[in-house]
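> model this:
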Amino acid sequence: MNKSKKIIKGSKKPNKKQFAISPVVWIVTGTILGLALIVGILFDQLYKSPLVTINEKKYYLEDMTYHFYNAEVSHSYISQLYGPSYWDMPYKNSTTMTVRDGVKLETINNFIYEETLYNEAIANGYALTQEEIDKIDESVSSFINDMGNNEKFLEKNGFTPEFLKEVFSKNTLASRFKQDVIDSFDIDDEAIKAEINYDEFRQYDIEYLYISTENTNEEDEDSADAASDEDVKKAALDKITALREKALKTEDWSDIIPEDEEELKYRTGNFLSTDTSYSENLMSIMLEMENDDVTEVIEDEDGYYVVRMINNNSPEAYDKKVEEAITEKEEEAFAKEYDDNIYPKYTIELNNKAIMKLRMGRITLVN
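The predicted structure follows:
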């Protein structure tokens, strides 16, 4: 019995009406998309996001470049010691913030601090004196001409004479306003001074002649011409003993050593009784010296010394300590004044998104 064979044919696709797009439409569409792309690029390049807003006044990176420059320069020296990883080290023992981010926020806070103090100065009628103007002009000229800053660096950061003058002017008025506020405080300098023990900071000023007894010929000890340690020490002792005799008859020791002499050295120094920069042997001798006393040749671990006491009762270290203590009290008092009565006058907003895009170490420095 024959069975019919069914053949399944591919089904036909339903007819769709095809539309042809006019070339004009393509041109118009392409033009619109191109313009949109260009506008987007220009908007991204030209639109400036403020980093900080103070009482509705916006401040941009270009307003802060000098502050960032100072921060980057000071930390770049440290970075050279530690290497590129320095910027990513913990910031002041922080476990969540790197040096890069910590210094960035510190710089912005310093800018806000100075700007608010400048505003306070202006609000209180402050104006630059002629002496301040002259000093600012000198500073601008020095920065541009005398510090070796090249044109590429100045142009990149917008460090024009006008910009620098504005920065230095603000700093001058802000600093004077702050100092005037500090001067208005009732801080008892004498009471602070009385709290510091003079004997602990009694300073001894000295000058001395020195020669090393290190045997630099040790590596050639197998050589017939190599000097022994005892030979080196004897030669050094003879040299400094002869120089001591000359020094006893000389008022100014600073030029007592001949220019072609390489082993003998003239140095100055100062110390407190608690210092450890000199050996116990030297300290025990020097602490007993009167002014203008000259020691015999002193043998120490590293060489021979001849010491003259210039002043065994200098107040320099004590005065410095007192000044630091007074300044600390003044800064504490001003910080309270700022927090209580100045900062609250201002509404400050940080643009964290824009700030996060900044990378310290690469903001102002030209590679």
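
> hey, let's count contacts and neighbours off CA atoms from now on
Noted.

> would you mark the buried spots in the strand ranked longest in the chain?
Counting residues, the longest strand found in the chain (DSSP state E) is strand 303-314. Applying a neighbour-count criterion of 16 or more other Cα atoms under 10 Å, one finds 304-312, 314 buried in strand 303-314.

> check stretch 86-105 too.
Within stretch 86-105, the residues scored as buried using 16+ other Cα under 10 Å are 86-87, 89-91, 98-104.

> so which residue is dead centre in the chain?
Nearest to the mean C-alpha position of the chain, counting by Cα atoms, centre = their mean, stands residue 74 at 2.4 Å.

> that's a helix at it, yeah?
Yes. Looking at residue 74 with DSSP: H, G, I helix; E, B strand; the rest coil, it is inside a helix.

> tell me the first helix or strand C-terminal of the helix or strand bottoming out on mean pLDDT in the chain.
Scoring the helices and strands of the chain by mean pLDDT, DSSP states H and E places helix 23-46 at the bottom, with a mean of 52. Beyond helix 23-46 on the C-terminal side, the first helix or strand identified by DSSP states H and E is strand 52-54.

> buried stuff in the helix or strand hosting residue 116?
Assigning secondary structure by DSSP H and E places residue 116 in helix 99-123. If you call a residue buried by 16+ other Cα under 10 Å, then helix 99-123 has these buried ones: 99-104, 107-108, 111-112, 114-118, 120-121.

> what domains does the record give for this structure?
For the chain, automatic domain parsing gives the domain ranges 52-188+349-356, 203-218+225-314.

> now mean pLDDT and distance to residue 329 too, for the ones you listed, in CSV please.
Shown next, in CSV, are the domains of the chain (pLDDT from 0 to 100; distance: least, Cα to Cα, whole Å):
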stretch, mean pLDDT, distance to residue 329
domain 52-188+349-356, 94, 8
domain 203-218+225-314, 94, 24
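
> and residue 335, which of those domains is closest to it?
Across the domains of the chain, the minimum distance to residue 335, taken as Cα to Cα, is reached by domain 52-188+349-356, at 10.0 Å.

> make JSON lines from the buried residues of strand 303-314 and add distance to residue 78 to it.
Output for the buried residues of strand 303-314, formatted as JSON lines (distance: Cα to Cα, whole Å):
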{"residue": "304", "distance to residue 78": "35"}
{"residue": "305", "distance to residue 78": "35"}
{"residue": "306", "distance to residue 78": "37"}
{"residue": "307", "distance to residue 78": "36"}
{"residue": "308", "distance to residue 78": "37"}
{"residue": "309", "distance to residue 78": "36"}
{"residue": "310", "distance to residue 78": "36"}
{"residue": "311", "distance to residue 78": "36"}
{"residue": "312", "distance to residue 78": "36"}
{"residue": "314", "distance to residue 78": "33"}
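
> what is the nearest of these to residue 175?
Once Cα to Cα is applied, the member of these that ends up nearest residue 175 is residue 314, at 31.7 Å.

> just give the nearest non-adjacent residue to that closest one, would you?
Computed as Cα to Cα, 6 or more residues apart in numbering, the closest residue to residue 314 that is not its neighbour in sequence is residue 203, at 4.9 Å.

> verify the stated contact: that neighbour with residue 272.
Yes. Residue 203 is in contact with residue 272 according to Cα atoms under 8 Å; the separation is 5.0 Å.

> who are the contact partners of residue 51?
Contact criterion Cα atoms under 8 Å, 6 or more residues apart in numbering gives 58-61, 350-352, 354-355 as the residues in contact with residue 51.

> change it to 10 Å
By Cα atoms under 10 Å, 6 or more residues apart in numbering, residue 51 lies in contact with 58-64, 108, 349-356, 358.

> any idea how far it lies from residue 66?
As judged by Cα to Cα, to the nearest Å, residue 51 and residue 66 stand 15 Å apart.

> check residue 345 too.
Applying Cα to Cα, the value for residue 345 to residue 66 is 25 Å.

> between the two, which has more neighbouring residues?
Under the neighbour definition other Cα atoms under 10 Å, residue 345 and residue 66 were set side by side, and residue 66 has more, 20 against 12.

> what strand or helix carries that one?
Counting by DSSP H and E, residue 66 is found in helix 61-82.

> relative to the whole chain's centre, how far out is that helix?
Using Cα atoms, centre = their mean, to the nearest Å, we find the averaged C-alpha position of helix 61-82 to lie 7 Å away from the chain's own average C-alpha position.

> buried residues in it?
Those would be 61, 63-69, 71-72, 75-76, 79, for helix 61-82 by 16+ other Cα under 10 Å.

> which helices and strands does that helix pack with?
Contact partners of helix 61-82 among helices and strands, from 3 or more Cα pairs under 10 Å, 6 or more residues apart in numbering; DSSP states H and E: helix 99-123, helix 151-157, helix 161-183.

> now the longest one against helix 61-82, angle please.
So the one you mean is helix 99-123. Counting by axes from the mean of the first three to the mean of the last three Cα atoms, to 10 degrees, helix 99-123 points 140 degrees away from the direction of helix 61-82.
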